[in-house]
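Visitor: show me the folded form of this:
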Amino acid sequence: MTSAIHHKKLVLGFIYGSAGGAAFAIFAWGIDAWLLMRANAALPLAKFIPGLLLCVPAGGLAGWLTMRANKHRTAVLFWGLLALLFTWLCIWLPMNGTAYFIKLLNPSVAPYLAYSNIGAMALIQFRALSFIVIGFAAIVCGLLEINLIDQALLSPYGMASVTMLVVCVALFALAGSALDHVINTSFREPVLVVNDLIQFAAENQGHEVPVDVARSKHLSAVDDLDEVLQESYQLTLVTFDPNFGLIDILVDFESSLVKCTTIYAQTSDCVYLDERP
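Guide: Numbers count the residues shown, from 1 in each chain. From the prediction side, this is the model:
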């Protein structure tokens, strides 16, 4: 009986940690992927799939090890290490991982990629803020895990198991959402802005647009793109400066390549590239 209970604890521990990892991945990169997919971005899942594949088993392992040791002090260690991994992923995936996967899966875009290294101070701030947010969620989940699982095993009602998962999922969902807002927004907004501009220009091609609307949309940036506006396209963020102020978006139309430059998420101009690589 003791062996059977111990086995159930290990299984529930793995499920508990996996649920937290899945929730973090979904809210840190899944929402981002969905928004990018709607904005005609190329490889919108480049952060989400690797993040999900790493976070779910890593969270499950932390939960399993915690129940195997069955000590709160050890739980802090395991979940603290999990927070370090998640923190590293939050920085690496958008800045290095995405470039790696673009080069691997879409090599034709590789010659245009030129991601800058952000400043040392900004990187420290990103890491510190990420670890504080994720670390809080991870440590709280780790400290609660043993008691929540014990209560779930003792309770005759299935709601105890649901409550156990809700606590972990909610904390990691909040952490993931916060990190998405802090980090991914800088990479996502220029893509959304360029997509909105191209769609607006395509929908209103041949129609007179009020001057104030044209100015607010920065419609003049696509004045030279009349020939390709009705074509399907995909967007790829190809360059950014260390302060995320100047960002270039590559627009891969059916017949042409265009580079749109954004300055603080406002499109300044779009120009044809001479030739495809």
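Visitor: where exactly do the strands run in the stretch 51-200 of the chain?
Guide: All strands of the stretch 51-200 of the chain, identified by DSSP state E, counting those that start in this stretch, fall at 114-115.
Visitor: any low-confidence regions in it?
Guide: The stretch 51-200 of the chain contains residues with pLDDT under 70 at 157-158.
Visitor: list the buried residues of stretch 69-84.
Guide: Of all the residues in stretch 69-84, those buried under the rule 16 or more other CB atoms under 10 Å are 70, 75, 78-80, 82-84. (Glycine included, C-beta is placed from N, CA and C.)
Visitor: okay, those residues in CSV with distance to Leu165 next?
Guide: Formatted as CSV, the buried residues of stretch 69-84 follow (distance: CB to CB, whole Å):
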residue, distance to Leu165
Asn70, 19
Ala75, 17
Phe78, 18
Trp79, 16
Gly80, 21
Leu82, 17
Ala83, 19
Leu84, 23
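Visitor: which of those residues fall within helices?
Guide: The helices, defined by DSSP state H, take in 75, 78-80, 82-84 from the buried residues of stretch 69-84.
Visitor: nearest to Leu192 among the residues you listed?
Guide: Here the nearest of these to Leu192, counting by CB to CB, is Ala83; it sits at 29.6 Å.
Visitor: who's in contact with the residue nearest to Phe240 when sequence neighbours are not counted?
Guide: Computed as CB to CB, 6 or more residues apart in numbering, the closest residue to Phe240 that is not its neighbour in sequence is Ile247, at 4.6 Å. For Ile247, the contacting residues are 190, 237, 239-241, 261-262, 265, by CB atoms under 8 Å, 6 or more residues apart in numbering.
Visitor: same thing but at 10 Å, please
Guide: Residues near Ile247 by CB atoms under 10 Å, 6 or more residues apart in numbering: 186-187, 189-191, 193-194, 237-241, 260-265.
Visitor: which parts of this structure are helices?
Guide: Under the criterion DSSP H, helices of the chain are mapped to 2-25, 31-38, 48-69, 72-92, 98-105, 120-154, 159-179, 185-203, 211-217.
Visitor: so what touches the last one?
Guide: Okay, so that is helix 211-217. By CB under 10 Å, 6+ apart, helix 211-217 touches 193, 196-197, 200-201, 204, 208-210, 219-220, 267.
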